[in-house]
Structure formats: structure tokens, C-alpha cells
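# I'll drop the sequence and a predicted model, then ask my questions.
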Amino acid sequence: MKKAIASGNFLRSKLFWAIVAELLILLVGFILRPDFLSIQLRTLSDGTTVLFGTPVDILNRASEITIIAMGMTLVIALGGTDISVGALVAVSGAIALKFLRWDVLVYNTPGDYTVQPFYLVILLPLLACTLMGLFNGALIGKLKIQPIIATLILMVGGRGIAQIVTDGKQFTTQYTPFKFIGNGSILGLPLPIIITLVVVLGVMLFVRRTSFGMFVESVGINPNASRVSGLKSGTIILIAYVLTGFLSGISGLIYASRISSNDSNNAGLGYEMDAILAVVIGGTSMTGGKFSLTGTVVGSLIIRTITTLVLYFGVVSEAIMAFKALIIAVVIVLQSEPVRNAISRRRDRIRTQMGGEARA
Amino acid sequence: MPDIHSRTLGHRERLRALLTNPRYLMVYATIGIFLLIYLFGALLYGSKGFTSVRTFMLFFSDNAYIGISAVGMTLVLITGGIDLSVAAVASLTGMIIAYGTTVLGLHPLVCILIALLAGVGLGALMGACIQYLNVPPFITTLTGMFFARGVTSLISRESISIKHSMIDALAGFKIYLTWPNAQGEWVKIKPVASIDLNTIAFLVVIVIGAIILQRTRFGRNVYAIGGNEQSASLMGLPVARTKVLVYSFNGLCSVLAGIAYVLYVKSGWNLSLQGAELDVISACVIGGVMLSGGVGYMFGTLFGVLLKATIPAIITFNGAMNSWWAKIFTSVLLLLFIMIQRAVIASSQRTRRK
């Protein structure tokens, strides 16, 4: 009896359906192309061995969104949204490339050196993005402004700031340590995957080992009750946005390193949408409250798997959006309250009928 | 009751009541700041022609597609929802018209009919999804946006320029503004200013939107749902029907905006109007529509669009500034307006407590 209730809850859980969806998409890929799931160890010309294969590629390319989505999960659990993350990605890359390349020789050398010390190239973009997160957090947590609208400010202005930082120019760099962030690998594992793992584990530890996660859920479920019972809901909201800003900065560095350049127009374009979708597919409700960081990772992988699958079959990259929309629509409809309740109710009915027969 | 009210209040009192009504404060703020920025531009670039009628008319014709879409968006925002798909649907409309007329050889009206079916259908579908499946508007319309963009890219990835006599005629339609000269003859004013079809469409749609919002039962339902959806449904108002209709109407506005954009650029491209949904939403917010729902006026939205139009105009007149400053100034404006909104809410809460 206890088991039946547990499995009933399991069917109601969004995480379960998200994992099922991911497995189904992978299965479709495997059926259409048997080498879709193969992983090989290859030795590159410079002697390093790297893991190759679509699953590795999916993990690798999902890192930017996964990292941002970690912060986004907390933001959404608090009943908010942050639509400025894409612009922050652009700002991060612009500042990094500005400090790597801003000298007189900018158009005459390949740029296999850095103008400013390398630690500044890494720290300043992160600092700038953290400050922008602080701006968002202060507006939302302290001044109680609606999240969509408060983050709309930096979404509109952020790309402008990125353009002005680099004076509207696009720099490229060949500086090896910087390129290593997005293209390097340690023990065969691409570095973005390792960074993602560190971020995911870090956020999970921060949230579940301290009482922060509980505070977030409490504020997300009822901000007023939490405030009355002594929680500083404003500060908790502020921290979530600052964290999201910081993580967008990391994501921006990975993106800039991958393309060895800054691209204020296209860097992080649509990331806010992907990150929010990853969170929602992962089972965290847009209305706030309980959240699941594991679910978010699965959600991010679903989005990337769809993209990879569709790209694999030679569909033009812009049209991917249509497929994404269709599959996401299916996932969302499956997860929506009325449908989930209907499915589990049907299950329950069948089970009680069967139980009745067995007893008879 | 209204009769007694109007009898006890004289004209002057009524005007004062209208001016001090806190409900209209945000609209006044928008108009005031628009006038301020316009004055600023006039003082700096008045000699270069910033104050000419031509420049003023360009505010309308260059932003007609934003304005038309903002009418539907205002309704959606007042119900407490949001629609991110507007720009994608407008872009899809442009592509359907471009591909239909130049590649398939269809008549533009047939293409417009197809676009209307697609846009209104998608709007209704999204509204139904929001209402019946309880999916948040943000996520639903985001999916709608992805879908519309994707379909546009599936039709064609190249920019298709439109060559059709009817489109050319519609786009070329202009009423030149004239005034009488010393001899009493009507001559074109200098520099030449004109009213084109997009400007007319923009103003007509704004007026229709205002009538729907202020003078119909449907409009009242929209405000009631935005104020408190639960109370509205407990009062027996048709919440479900109204919400689905609002999103369908917004789909219609998006298609109209797409047609206006086609007349403006005479081409269809899958990457056109990228990010324009943010322009539309920020125009509404600057116009005093609250994203929490229940508050907003078409008149405010009209000035929101105009205010947003003056900033790029000033930057163009300046000439030396990077066009990216427009984005930064717009975001500063947004910040200013949400601060004003915040202050208005805070002061109204204070008076209520008294």
C-alpha cells in the first residue's frame, strides 16, 4: 500500500517525466542513427587524449545553459525570472576580450598574448556580471519591483553596454590560456563539462547543506508569511539574483573562449529563454516554491539533445526553434497540472480495480 | 448616480478631479516626460529640423508596427499576462506575404488571409493553453515564439523582397500635408511631410483598442481579470472566454503589425524583428501599463511608443553618438518609469491605509 502511494507520487513528479522525455529523445536518436550514443577515446595530434562522441558533445555544449540555469532555478523558485542573463553573457565576453586585446597592436598581431594580467581578464567580467546581478537583485529584493520588468532593463541595456565597452568592435584572440577555458580538456574531459560539474555541485552544496535552499522554498511559497516569521526575504532574493549574475559571467567566459572572440550581438542570444525552459522542464514551477536542481540539469540536457538531434539530420539551424517548440510543448502539456492529475488518477483507478479483483 | 455626480461637480471641479486622479498619474508622467525629452531635442537640434512636422510624422510611420502590436500587448498585460510571440508572428506574417506573392505567385490578400488564420489561431491556442492547462503565459508564449520563428525559417532563410503592384501601391500611399500660402493656394509644407497608410493604421488600431478597453463589456472584463482573476471568476465574469479572446486579439494585432512592417520594408526575412517583442513590452511599460495587471490605458501606450521613438531620433540628429546609446537610454527610461510606478503604488497604499 505504501509502495503504491510512493509510485503514484512518482508518476506525479515532474522530474520523472523529464527523465523519461530525455531517454525517449536519446532513443529516437539511437534508432535513427546507431552511432548517436557512441563514445570513443581519440588521441589528438598534440598527444592529448580526448573523449569524442555525441553524448560528450551534448554535455559540453549544454554547459553554458546549465550553469546559468542553476542560478535561474533559485530565481524561479523565488517566484521571479531573470531575462537579462543573455545580455550579461555578452557583457562578460566583451569585457574579457577588451582586457585581452585592448592595445595599439590590436589589428596587426594574432593576439597570442594578453594585454592586462590574465587574472584580471577572468575576474573583471565576473565582477561586472555580479554587480549587474546585484542591480537586478536590489530592484527586485529591496525595491519590490516585478522581476520580468526589473531584469528587462539590463536585457535591453546590457547589449548596449557590451557594445560600448568594446566600442562596437569585435576582437579575436589566440591567447592559449584563454582559449583553454572553452576548448581545452583535462583527463579527456572537455573543460566546460568540468566547470559545469563544479558549478552544479557547488550550488547544490550551498543550497542543500546550508539552510538557504529551505529559505528559498519558504519565500517562494509565501513571501509574506516568511517575512513575518523572521526571514529576510529581500536579502534571500538579492542573493539569488547576484548568484545568477555571477554564473552568467562564467557562462559568458566559456562562450567567448569557445569562439575566441566577443560578439555583442549574438553572444548569449536567447539564453534567458533556454535557461528558463530548462528550469521549467526540470520540474520547478514558474509560480515559485519547491525546486529541483537535478531536474534543471536534465532540462538543460533535453534542450541540448533536441538541438543536437535536429542538427544531426541536417536541418538548418534557425529552424531548430520549431522542433524545440514542438517537443517542449509536448513536455509542458504532459507536465501541466490537469494532465498529470488525470494520468495519475487513471493509474490509481486501474490499480484499485485490480486490487479489488485480486481481493475478490 | 452618475447624474447626481455630474450635477454637483462643475466643469472646473471635474477637470481638477480628472487631473488629480491617481489612476491617470502614470499616463501624465509619460506625457510629461515625452514633452520634456521633445523639448530637449528641440532646444539642441531644433535648427537641424527636429521640430519639423516631417520629423514628428516619422515618429508615427517609423514605429507604426511597434504601436499596432503594443495595442494588443496592452490588453494582454492588463489581464496580468505577457506575450513574447508578437515579433515572431509579425515576422512570420512578413514571410508568408513575401513567399506567397513572389515565389508562389499568390495574391497578397490571400497571403494576408493565411497569415491572419495562422496568427489568430496561434493566439487562440496559446490563450487556451494558458487558461485550461495552467501553463504560465511566459512559457506558453515563449514556445509560441520559438514555433513561429522556426516555421518562418522553414519557409525560407533568405530575405525575399516583395514585388507586387498592390503592395507597392499600399506602401506608396501618402497624403501630403498642405497649407495655404499667401495666395490662398494649398501647397505642400516644407520639409515635405506626409501621412502614410501605416500611420493611419496605427492611429485607427489605437482608437479601436481604446474603445474596446473603455466602452465595452469585454474591456471591463479585461480590467477585472487583471485586478483579481479569482474575484472576477467568482463574480461570474467569463474569465476563460475573455482570456482566450485577449490572446487571439493580440495575435490579430501581431499580424497587422507584420503587415505594417511589410509595407515599411517591403521584404520578408526570417531574422527580421528579432527582439522587437521587448520594444513592444517596454513601450507599454513606459506608457504606464503595469505588468502586475489591472492598470493601463491605450492613451498611455500611444505616448509610450512616441517617447520610445524620440530617443533614437535624438541620437540620429546628434550624429556623433553610437546607435547603441539608444538601448542604454531606453533602459534608463524603463528604470525611471518603474520607479515612478513603484512610487505611485506606494503612495496609493499609504492613502488607503489612512
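Alright, I've got the coordinates. Keep in mind that what you see is a predicted model, and the values were worked out from it rather than measured. Residues are numbered from 1 along each chain as shown, chains lettered A, B, ... in the order given.
# lowest-confidence helix or strand of chain A?
Every helix and strand in chain A was compared by mean pLDDT, DSSP states H and E; the lowest is helix A:2-12, with a mean of 50.
# after it comes which helix or strand?
Downstream of helix A:2-12, the next assigned helix or strand under DSSP states H and E is helix A:14-32.
# is any part of that next one close to chain B?
No - residues of helix A:14-32 contacting chain B under CB under 8 Å from any CB of the partner chain: none, with a closest distance of 12.6 Å. For glycine as for every other residue, the C-beta is placed from the backbone atoms N, C-alpha and C.
# Show me what that helix is packed up against.
Secondary-structure packing of helix A:14-32 (3 or more CB pairs under 8 Å, 6 or more residues apart in numbering or on different chains; DSSP states H and E): helix A:293-312, helix A:320-335.
# Tell me which of those helices lies nearest to chain B.
Closest approach to chain B among the helices and strands packed on helix A:14-32 is made by helix A:320-335 (2.3 Å; CB to the nearest CB).
# buried stuff in that closest one?
Residues A:320-325, A:327-329, A:331-332, A:335 are the ones in helix A:320-335 that count as buried (16 or more other CB atoms under 10 Å in any protein chain shown).
# What is the distance between the next helix or strand along the chain from that helix and the centre of its chain?
Scanning forward in sequence from helix A:320-335 by DSSP H and E, the next helix or strand is helix A:337-359. Computed by CA atoms, centre = their mean, to the nearest Å, the chain-centroid distance of helix A:337-359 equals 36 Å.
# Show me which residues of the stretch 251-360 of chain A are close to chain B?
So the stretch 251-360 of chain A meets chain B at A:273, A:276-277, A:280, A:286-287, A:316, A:318-326, A:328-329, A:332-333, A:336-339 (CB under 8 Å from any CB).
# Helices along the stretch 1-150 of chain A, start to end?
With DSSP state H, counting those that start in this stretch, the ranges of helices along the stretch 1-150 of chain A come out as A:2-12, A:14-32, A:54-77, A:85-101, A:118-137, A:147-165.
# Would you reformat the helices and strands packed on helix A:14-32 as a markdown table and include mean pLDDT?
Shown next, in a markdown table, are those (pLDDT from 0 to 100):
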| stretch | mean pLDDT |
| --- | --- |
| helix A:293-312 | 89 |
| helix A:320-335 | 76 |
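# B:Ile328: which of those is closest?
Comparing the helices and strands packed on helix A:14-32 against B:Ile328 with CB to CB, the closest turns out to be helix A:320-335 (28.5 Å).
# Close to chain A: what parts of the stretch 1-150 of chain B are there?
Applying CB under 8 Å from any CB, we find that the stretch 1-150 of chain B lies next to chain A at B:82, B:129, B:132-136, B:138-140, B:142-147, B:149-150.
# before we move on, back to that, tell me which of the buried residues of helix A:320-335 is nearest to A:Met214?
A:Gln335 (24.2 Å).
# Can you pull out the low-pLDDT segments for the chain?
This is for chain A. Residues of chain A that meet the criterion pLDDT under 70 lie in A:1-13, A:46-47, A:104, A:106, A:335, A:354-360.
# I was thinking of chain B, sorry if that wasn't clear
B:1-9, B:351-354.
# Now do the residue of it found nearest chain A: how many residues are near it, please.
Among the residues of chain B, B:Gly150 lies closest to chain A, at 2.3 Å counting by CB to the nearest CB. Residues near B:Gly150, counting by other CB atoms under 10 Å in any protein chain shown, number 25.
# Likewise for the one 5 residues further on?
B:Ile155 has 18 neighbouring residues, counting by other CB under 10 Å.
# can you check B:Ala90 too?
Number of residues near B:Ala90 (other CB under 10 Å) recorded here: 33.
# so how far is the helix or strand containing it off the chain centroid?
Assigned by DSSP H and E, B:Ala90 falls within helix B:86-98. Relative to the centre of its chain, helix B:86-98 is centred 16 Å away, using CA atoms, centre = their mean.
# that older thread, I'd like the helices and strands packed on helix A:14-32 laid out as CSV, including distance to B:Gly46.
As requested, the helices and strands packed on helix A:14-32 are arranged in CSV below (distance: least, CB to CB, whole Å):
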stretch, distance to B:Gly46
helix A:293-312, 52
helix A:320-335, 46
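# With that, I have no additional questions.
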